[in-house]
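> Here's my sequence, what's the structure:
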Amino acid sequence: MRSTTRALALACLLVAGTVVGAAGQAQADVTLCDQYGSTTIQGRYVVQNNRWGTSATQCLNVTSTGFRITTQQGSAPTNGAPVSYPSVFLGCHYGNCSPGSTLPMQVSRIRSATSSITYRYTGGTYDAAYDIWLDPTPKTTGVNQVEIMIWFNRQGSIQPIGGVVGTTSVGGRSWQVWRGSNGSNDVISYVAPSAISSWSFSVLDFVNDVRARGAITTSWYLTSIQAGFEPWNGGVGLAVDNFSASVTS
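Here you go, the predicted model:
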């Protein structure tokens, strides 16, 4: 679930009392509170606050390997959209591209696409999920046509967009599959039966499963690999402790 009217803005980044540009690489922990603020880590990934569904304050502590939610004052009814999607990503998102990324890349050219993550969970109403974005064109701005969501965890009375279309096995794990549209893009969600806190996996396995369902073809483009949280209520303490992703042709 994402806003289709997001705009990118510069963040107010405080590092030992020094303001750092949003495009700069984080050399130490960074406090990120701007609504659409972002910064880079490891000279490779982008961490974004992405508080698109509320005007309430949300702040992240960005580390060299991920981020932690330190303030989250928004709230939303659980039968609607979340308040935000704080996340870390490889690729391009609304014109913000990670340094040196090979994305967008046509699916037919991808030899491997992998990712690894360690999540830290706490109380609240939220999902912990990957967003894998695909489009018929090598699009770097605006919304893509297909969104793959991989739900590692969910807390509270929330559910993916659409309805259940079955179960499947991807990456050696079982998943409940949901499919629907949020009005801007199609969404195919894979929901784990129990919480996953750490996993290294092939993103391409999920892309190939979506292709087998007829949602995309190999001529489509993978534009970004994102991982984070969608909070509806609470969420302070939620963290991505470690994230990595790689796509090769």
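> from here on, contacts and neighbour counts on C-alpha atoms
Noted.
> contacts for the helix or strand containing residue 151?
Using DSSP states H and E, residue 151 maps to strand 146-155. With contacts defined as CA atoms under 8 Å, 6 or more residues apart in numbering, strand 146-155 is touched by 123-135, 185-192, 194-197, 206-207, 210, 215-216.
> Now tell me which helix or strand of this structure has the poorest mean pLDDT.
strand 18-20 (a mean of 32; mean pLDDT, DSSP states H and E).
> Report how many residues lie close to residue 41.
A count of nearby residues for residue 41, using other CA atoms under 10 Å, gives 24.
> Send over the longest strand anywhere in the chain as CSV, restricted to the C-alpha atoms.
Longest strand in the chain by number of residues, with DSSP state E as the criterion: strand 221-233. Coordinates of the C-alpha atoms in strand 221-233 are reproduced here as CSV (Å, rounded to 0.1, in the frame of the first residue of the first chain):
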residue,chain,number,x,y,z
TYR,A,221,11.8,-4.8,-15.5
LEU,A,222,12.7,-5.3,-11.8
THR,A,223,13.0,-1.7,-10.5
SER,A,224,13.7,-2.1,-6.7
ILE,A,225,14.0,-4.5,-3.8
GLN,A,226,12.8,-2.9,-0.6
ALA,A,227,12.3,-4.1,3.0
GLY,A,228,10.7,-2.5,6.0
PHE,A,229,7.6,-2.0,8.0
GLU,A,230,4.0,-0.8,7.5
PRO,A,231,2.8,0.4,10.8
TRP,A,232,-0.9,1.2,11.6
ASN,A,233,-0.4,1.8,15.3
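> tell me the angle of the following helix or strand past it relative to strand 221-233?
Toward the C-terminal end, the helix or strand that comes next after strand 221-233 (DSSP H and E) is strand 239-248. Relative orientation of strand 239-248 with respect to strand 221-233: 170 degrees, computed using axes from the mean of the first three to the mean of the last three CA atoms, to 10 degrees.
> which residues touch strand 239-248?
Strand 239-248 has contacts (CA under 8 Å, 6+ apart) with 65-69, 88, 90, 102-103, 110-121, 225, 228.
> on that earlier part again, which positions within the strand holding residue 151 qualify as buried?
Under the neighbour-count criterion of 16 or more other CA atoms under 10 Å, strand 146-155 has 146, 147, 148, 149, 150, 151, 152, 153, 154, 155 buried.
> okay, those residues in CSV with distance to residue 43 and pLDDT next?
Listed next are the buried residues of strand 146-155 as CSV, based on distance: CA to CA, whole Å; pLDDT from 0 to 100:
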residue, distance to residue 43, pLDDT
146, 27, 98
147, 26, 98
148, 26, 98
149, 25, 98
150, 25, 98
151, 27, 98
152, 26, 98
153, 28, 98
154, 31, 97
155, 33, 97
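> Save those residues as a markdown table, and put in distance to residue 235 too.
Output for the buried residues of strand 146-155, formatted as a markdown table (distance: CA to CA, whole Å):
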| residue | distance to residue 235 |
| --- | --- |
| 146 | 27 |
| 147 | 23 |
| 148 | 23 |
| 149 | 19 |
| 150 | 19 |
| 151 | 16 |
| 152 | 15 |
| 153 | 13 |
| 154 | 12 |
| 155 | 10 |
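> Let me know the average pLDDT across the helix or strand harbouring residue 40.
In the assignment (DSSP H and E), residue 40 maps to strand 38-41. Taken as a whole, strand 38-41 has an average pLDDT of 97.
> Which strands or helices does that strand pack on?
strand 45-48 (3 or more CA pairs under 8 Å, 6 or more residues apart in numbering; DSSP states H and E).
> which strands and helices sit next to whatever helix or strand comes next after the strand it packs on?
For strand 45-48, the succeeding helix or strand toward the C-terminus, using DSSP H and E, is strand 58-62. For strand 58-62, the packing partners by 3+ CA pairs under 8 Å, 6+ apart come out as strand 30-32, strand 67-72.
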